[in-house]
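Trainee: need the 3D shape of this:
(chains A and B)
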Amino acid sequence: MAYEIKIEKFEGPLDLLLHLIKKNEMDIYDIPMASITAQYLATIDVMKNLNLDMAGEFLLMAATLVHIKSRMLLPVVSGEEESEEEEEDPRAELVRRLLEYQRYKEAALDLDALPLLERDTFPRGFEPPVADEADEEFQPIGLYELVEALRGLLAENPETPFHEVAGERLSVTERVNGILALLAGRESVAFRELFTERPRRDDVVVTFLALLELGKLRLVRLMQSARYGALWVWPVVAEDASGPLQLEEEALGYG
Amino acid sequence: MDTAELKGAVEALVFASEAPVRAERLAEILEAPKAQVLEVLRELAAEYENRGGGMVLAGVAEGYQFRTPPKFADVIRRLGRSRSARFSRAALETLAIIAYRQPITRAEIEYLRGVDSGGVVKTLLDKRLIRILGKKDIPGRPMIYGTTREFLEVFGLPSLTELPTLKEFSELSLEGGEMEDASAPAGTSEATV
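Mentor: I've put the predicted structure just below:
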């Protein structure tokens, strides 16, 4: 199955640019190109570091920004070679697009505020969809939340500066089985419960990998409480499961 | 048929209909002048509104339909313990662009949004919220899209002219207007884990 990973926070490069301009209280009609380009590039760098499958449009916009910036550095040719039309500000088209995009972004909010059928208002004969196993309070976790959770854990447990001789070898498969055992017979387990009080970095990584493997195998579902934001791991229970499932050591290919 | 009886008949017809009924259709069935039917519909809508009960007579998609008022949405959702259906930002943005700019090509949508919109256009077509209106008479003959009757039904709009007014911007709006749905990542964007 193909993954569809999208940049959650930004619908696209225009959305990201709008956000940066507003955040920095820049004047839309006089965008400081050097600063905006630097910030834009830094943001997409972060996205790349998260290994997010970045849409090509983000890179295209990066090129556009750099292009505009370089055009602004060039001296304006005046005098004898004066062209018929007034030289347009290199930023003009971008500004038009940003303002136009903002219009539809707001219009989208207006649409969402209308009384939507089967969300806010119901006609006669409405057939409620079959309830999900999970409580409505829980939502599936998006990529960003997951990455945030990992970063949070790693930040809490900074790498020790000491030279460390590799000790025991941690096995993802073992951890997978460990998590399955922890989940056996329970409705759900808090994400934090999978980790010890002060886990080592390699522990964090291995447990995280194990969690992702379990998700991929569709053995667990990662949900987030809409109200409290905490992450929870739900086992996907087969009705007739006769005891906890065990994975063979080589099953995941980590060796 | 006196007014009281006409009113009852109109109410019965709207109640019994699956989809929103047009005033023309009601007038035809009841052999009454359309103006009189419209007048009765207005009265009925006001009565339900004033009663403040469990349903309202809503004017949607050029017709009329009984619907529940939004304040009871939570209660009704408990019928099936279902999660409330939400549109993703991508879907809403694309729908907004199509609704206000129709007929419009995919290339025009993508220029406005700044991102590839093939997937979301397809989803909206599948959900029958938009339809192909035809082909544009330019090289390549790209398809042009517009919204459907279902779109009006889903968004509770009597007609396209009742769309919220599109704001004109010469300045940036305040950051507060951002759709920050931290709690609920929308449908298409969840990582499959």
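
Trainee: give me the neighbour count for the closest residue to residue A:176 other than its chain neighbours.
Mentor: Leaving aside its sequence neighbours, residue A:176 sits nearest to residue A:210 (C-beta to C-beta, 6 or more residues apart in numbering or on different chains; 4.5 Å). C-beta: built from backbone N, CA, C; applies to glycine. Counted with other C-beta atoms under 10 Å in any protein chain shown, the neighbours of residue A:210 add up to 26.

Trainee: may I have the strand or helix carrying residue A:210 exported as CSV, CA atoms only?
Mentor: Element membership for residue A:210, per DSSP states H and E: helix A:201-216. In CSV, the C-alpha atoms belonging to helix A:201-216 read as follows (Å, rounded to 0.1, in the frame of the first residue of the first chain):
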residue,chain,number,x,y,z
ARG,A,201,18.6,6.8,23.3
ASP,A,202,19.1,3.4,21.7
ASP,A,203,16.2,2.1,23.8
VAL,A,204,14.0,4.9,22.5
VAL,A,205,15.0,4.2,18.9
VAL,A,206,14.4,0.5,19.1
THR,A,207,11.1,0.8,20.9
PHE,A,208,10.0,3.4,18.4
LEU,A,209,11.0,1.2,15.5
ALA,A,210,9.1,-1.7,17.1
LEU,A,211,6.0,0.5,17.3
LEU,A,212,6.3,1.5,13.7
GLU,A,213,6.7,-2.2,12.7
LEU,A,214,3.6,-3.1,14.7
GLY,A,215,1.7,-0.4,13.0
LYS,A,216,2.8,-1.5,9.6
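
Trainee: what residues sit buried inside stretch A:207-216?
Mentor: A:207, A:208, A:209, A:210, A:211, A:212, A:213, A:214, A:215 (16 or more other C-beta atoms under 10 Å in any protein chain shown).

Trainee: would a markdown table of those with pLDDT be doable?
Mentor: Formatted as a markdown table, those follow (pLDDT from 0 to 100):
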| residue | pLDDT |
| --- | --- |
| A:207 | 88 |
| A:208 | 87 |
| A:209 | 88 |
| A:210 | 89 |
| A:211 | 88 |
| A:212 | 87 |
| A:213 | 87 |
| A:214 | 87 |
| A:215 | 84 |
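
Trainee: what's the closest of those to chain B?
Mentor: Within these, the smallest distance to chain B is 3.5 Å, found for residue A:215 (C-beta to the nearest C-beta).

Trainee: export stretch A:103-112 to PDB, keeping only CA atoms.
Mentor: Extracted as PDB, the C-alpha positions of stretch A:103-112 are listed here (Å, rounded to 0.1, in the frame of the first residue of the first chain):
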ATOM      1  CA  ARG A 103      -8.800  34.600  -0.200                       C
ATOM      2  CA  TYR A 104      -9.600  31.000  -0.900                       C
ATOM      3  CA  LYS A 105      -8.000  29.800   2.300                       C
ATOM      4  CA  GLU A 106     -10.500  32.100   4.200                       C
ATOM      5  CA  ALA A 107     -13.300  31.000   1.900                       C
ATOM      6  CA  ALA A 108     -12.500  27.400   2.900                       C
ATOM      7  CA  LEU A 109     -12.900  28.400   6.500                       C
ATOM      8  CA  ASP A 110     -16.300  30.000   5.700                       C
ATOM      9  CA  LEU A 111     -17.500  26.800   4.000                       C
ATOM     10  CA  ASP A 112     -16.400  24.800   6.900                       C
END
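
Trainee: so is stretch A:179-195 next to chain B?
Mentor: No. Under the criterion of C-beta under 8 Å from any C-beta of the partner chain, chain B is not reached by stretch A:179-195; the shortest gap measures 12.1 Å.

Trainee: buried residues, that stretch. List them.
Mentor: Result for stretch A:179-195 [16+ other C-beta under 10 Å]: buried residues A:179, A:180, A:183, A:188, A:189, A:191, A:194, A:195.

Trainee: show me which of those residues is closest to residue B:115.
Mentor: Distance to residue B:115 across the buried residues of stretch A:179-195 (C-beta to C-beta) is lowest for residue A:191, with 31.5 Å.

Trainee: what about that closest one, distance to chain B?
Mentor: Distance, residue A:191 to chain B, by C-beta to the nearest C-beta, to the nearest Å: 12 Å.

Trainee: ok, that residue - contacts?
Mentor: A:149, A:222, A:230, A:231, A:232, A:233 (C-beta atoms under 8 Å, 6 or more residues apart in numbering or on different chains).

Trainee: ok, of these, which come out buried?
Mentor: Buried among these by 16+ other C-beta under 10 Å: A:149, A:222, A:231, A:232, A:233.

Trainee: in helices, which of these fall?
Mentor: residue A:149 (DSSP state H).

Trainee: for the buried ones among the contacts of residue A:191, which one is nearest residue A:17?
Mentor: Scanning the buried ones among the contacts of residue A:191 for proximity to residue A:17, where the rule is C-beta to C-beta, the winner is residue A:149, at 28.0 Å.

Trainee: in contact with residue A:21, which residues?
Mentor: A:28, A:31, A:36, A:98, B:172.

Trainee: farthest-apart pair in these, please.
Mentor: For the contacts of residue A:21, the maximum inter-member distance is 13.2 Å, found between A:36 and B:172 (C-beta to C-beta).

Trainee: compare the two (neighbour count), which wins?
Mentor: Comparing residue A:36 with residue B:172 by other C-beta under 10 Å, the one with more neighbours is residue A:36, at 20 against 17.

Trainee: give me the distance between the more buried one and residue A:106.
Mentor: Distance, residue A:36 to residue A:106, using C-beta to C-beta, to the nearest Å: 21 Å.

Trainee: tell me who's in contact with the residue nearest to residue A:176.
Mentor: A:172, A:173, A:175, A:176, A:178, A:179.

Trainee: how does it look with 10 Å?
Mentor: A:170-180, A:194, A:220, A:247, A:252, A:254 (C-beta atoms under 10 Å, 6 or more residues apart in numbering or on different chains).

Trainee: ok so, going back, between the buried residues of stretch A:179-195, which is closest to chain B?
Mentor: When the buried residues of stretch A:179-195 are compared against chain B (criterion: C-beta to the nearest C-beta), the nearest one is residue A:191, at 12.1 Å.

Trainee: max-length helix in chain B?
Mentor: Assignment by DSSP H gives helix B:34-51 as the longest helix of chain B.

Trainee: so how far is that helix off the chain centroid?
Mentor: Mean-position distance between helix B:34-51 and its chain equals 21 Å (C-alpha atoms, centre = their mean, to the nearest Å).

Trainee: one more: stretch A:15-30?
Mentor: So, by C-alpha atoms, centre = their mean, the centroid of stretch A:15-30 is 21 Å from its chain's centroid.

Trainee: pLDDT on it, on average?
Mentor: What stretch A:15-30 shows for mean pLDDT is 89.

Trainee: thank you kindly, that will do.
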